[in-house]
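Peer 1: After the sequence you'll find the predicted model.
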Amino acid sequence: MAESFSVERRFFDDKNYPRGFSRHGDYTIKESQALEQYGQAFKALDLGERQPKTEEEKAFVAVCKGERQPETFFEKTWNKYRTLTSKTKRVYTLSGVVAESIEDMANAD
């Protein structure tokens, strides 16, 4: 019987967590350890690069696809990771309303 989430190497996300998960403050110690120990499997299952071998992994994939809500610790931890790393940075620009009002002022002459 295959063990769920078995991996060969640890998971690190140097782009989002260059000092490691535990030193960033977003995760509990237990969550940080789970991400480091099983994150390679979580990521591969999430991206479809690895086929689920156990019922636990099949349920995990269903959560990743949005077919069910996260229930287990692993599912909740990976869901939290995905949420925190998928943030888009805000870009501030001049709105069209401001540009229109400037044009209106220029045409008022």
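Peer 2: Received, thanks.
Peer 1: Skipping adjacent residues, who's closest to the residue most central in space within the chain in space?
Peer 2: In the chain, the residue lying closest to the centroid (C-alpha atoms, centre = their mean) is Arg82, at 1.4 Å. Counting by C-beta to C-beta, 6 or more residues apart in numbering, Arg82 lies nearest to Asp46, which is 7.4 Å off, once chain neighbours are set aside. Using the backbone N, CA and C atoms, a C-beta is placed for each residue, glycine as well.
Peer 1: Next one: that neighbour, what pLDDT does it get?
Peer 2: Note on Asp46: pLDDT of 96.
Peer 1: Could you do the one 10 residues further on as well?
Peer 2: With respect to pLDDT, Glu56 scores 96.
Peer 1: Make 456 the first number, not 1, from now on.
Peer 2: OK, 456 is where the count begins now, so the last one is Glu511.
Peer 1: Is it correct that the residue nearest to the centre of the chain is in contact with Lys498?
Peer 2: No. In this structure, Arg537 is not within contact of Lys498 by C-beta atoms under 8 Å, at 9.7 Å.
Peer 1: what helix or strand does Gln492 sit in?
Peer 2: helix 484-502 (DSSP states H and E).
Peer 1: helices or strands next to that helix in the packing?
Peer 2: helix 510-519, helix 528-540 (3 or more C-beta pairs under 8 Å, 6 or more residues apart in numbering; DSSP states H and E).
Peer 1: The ones you listed: which one's closest to Tyr472?
Peer 2: helix 528-540 (8.5 Å; C-beta to C-beta).
Peer 1: Could you name the helices and strands sitting against that closest one?
Peer 2: In terms of contacts (3+ C-beta pairs under 8 Å, 6+ apart), helix 528-540 is packed against helix 484-502, helix 510-519.
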